[in-house]
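*Asks:* heads up, no residue letters with this:
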C-alpha cells in the first residue's frame with residue numbers, strides 16, 4: 001500500500017487496484033473457509049492493506065494512510081462485498097489476478113521503499129520495508145488462518161521479486177531519479193513475478209541435514225580414527 005501524497009495519480013490508481021484485487025482474493029479464501037461477512041471483511045482488509053499498515057506503524061511517521069484516506073478501506077470492503085456476493089472463479093479470474101497481483105507487488109514494493117527513504121532511513125530499512133509492504137498482507141492473512149505463510153516456500157518467487165523491486169527503487173533514488181525509480185521498480189517487480197509463475201521458479205530448499213543425523217555426527221567426532229584412516 002503506497003503513500004498517496006507521494007505518488008502520481010497513475011500509481012495511486014495502481015495501488016488501489018492492487019488493494020481491490022487482493023481484497024477479492026481474501027474474500028475468495030473466506031468463501032472457501034465458509035466465513036461470515038465479518039470474516040470476509042477481515043481477510044479482505046488484511047490481504048489488501050496489511051503490508052502498508054505494518055510499514056506505516058514501524059515508521060512511526062503519522063497515522064497509517066489506510067486510516068486517513070478512506071478510499072483504501074472502502075476499496076478493500078468493496079472487494080470483500082463482491083467476493084461475498086459472487087463466486088469468483090473461472091478462466092478470466094485465473095488469468096487476470098496474477099497480472100494485477102504482479103503489478104501491485106511491484107508498485108507496493110517501490111512505494112514502500114520510497115516512503116522509507118523519504119523519512120530519512122537508509123537503504124537497508126528501505127528494502128526491508130518495501131518488501132514488507134508488498135508481502136505483509138498475505139503473510140498476516142496466512143498466519144490468521146493458521147497456515148504456513150506462502151512466502152516461506154513451496155510457491156514460485158514472490159518475496160524475492162519484492163526485494164528486487166525495492167532494490168531498484170533504492171538504487172535509482174540514490175541517483176536522484178525517484179520517479180524513474182517508481183516506474184522501473186514496478187516493472188521489475190511485476191515482470192519477475194510473472195516470469196516466476198510462467199517458468200515455475202522456486203528458491204532452493206534444504207535437503208542436506210536432518211535432526212536424526214546429529215547423533216551420528218557427534219559419535220563420529222568423538223571416536224578416534226582407526227590406524228590408516230584420516231578425517
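*Replies:* Thanks, I have the structure now. Just so it is clear, the model here is predicted, and its values are computed rather than measured. Numbering: from 1, shown residues only.

*Asks:* At which residues are the helices of the chain located?
*Replies:* 9-32, 37-59, 65-68, 70-85, 91-118, 123-144, 159-174, 178-199, 213-222 (DSSP state H).

*Asks:* quick one: the nearest residue to residue 133 once chain neighbours are set aside from residue 142, how far?
*Replies:* Here the nearest residue to residue 133 in space, its sequence neighbours aside, is residue 112; by Cβ to Cβ, 6 or more residues apart in numbering that works out to 2.9 Å. C-beta: built from backbone N, CA, C; applies to glycine. Distance from residue 112 to residue 142, counting by Cβ to Cβ, to the nearest Å: 19 Å.

*Asks:* who has more neighbours, the two?
*Replies:* Each of residue 112 and residue 142 has its neighbours counted (other Cβ atoms under 10 Å); residue 112 has more, 34 against 18.

*Asks:* show me the residues around the residue nearest to residue 133 that make contact.
*Replies:* By Cβ atoms under 8 Å, 6 or more residues apart in numbering, the residues touching residue 112 are 1-2, 51-52, 55, 126, 129-134, 166.

*Asks:* so who does the most centrally placed residue in the chain touch?
*Replies:* By Cα atoms, centre = their mean, the chain has its centre lying nearest to residue 135, at 1.5 Å. Contacts for residue 135 (Cβ under 8 Å, 6+ apart) come out as 51, 105, 151, 158, 159, 162.

*Asks:* what's the neighbour count on the fifth one?
*Replies:* Residue 159 is flanked by 21 other residues according to other Cβ under 10 Å.

*Asks:* That one: what's it in contact with?
*Replies:* Shown in contact with residue 159 (Cβ under 8 Å, 6+ apart): 131, 134, 135, 151.

*Asks:* which among the residues you listed end up buried?
*Replies:* Among these, the ones that count as buried by 16 or more other Cβ atoms under 10 Å are 131, 134, 135, 151.

*Asks:* so can I have CSV of those showing pLDDT and distance to residue 90?
*Replies:* Below are these laid out as CSV (pLDDT from 0 to 100; distance: Cβ to Cβ, whole Å):
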residue, pLDDT, distance to residue 90
131, 96, 31
134, 94, 26
135, 95, 26
151, 89, 26
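
*Asks:* Now render those residues as a markdown table, adding distance to residue 36.
*Replies:* Putting the buried ones among the contacts of residue 159 into a markdown table (distance: Cβ to Cβ, whole Å) gives the following:
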| residue | distance to residue 36 |
| --- | --- |
| 131 | 33 |
| 134 | 29 |
| 135 | 27 |
| 151 | 28 |
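
*Asks:* between these, which is closest to residue 192?
*Replies:* Comparing those against residue 192 with Cβ to Cβ places residue 134 closest, at 11.6 Å.

*Asks:* Was I right to think the closest one contacts residue 109?
*Replies:* Yes: with contact defined as Cβ atoms under 8 Å, residue 134 reaches residue 109; the gap is 4.3 Å.

*Asks:* what sits in contact with each of those two?
*Replies:* In contact with both residue 134 and residue 109: 162, 165, 166, 189, using Cβ under 8 Å, 6+ apart.

*Asks:* of all those residues, which two lie farthest apart?
*Replies:* Greatest spacing in the shared contacts of residue 134 and residue 109, by Cβ to Cβ: 166 and 189 (8.2 Å).

*Asks:* what's the closest non-adjacent residue to residue 172?
*Replies:* Once flanking residues are discounted, residue 172 sits nearest to residue 181: 3.3 Å by Cβ to Cβ, 6+ apart.
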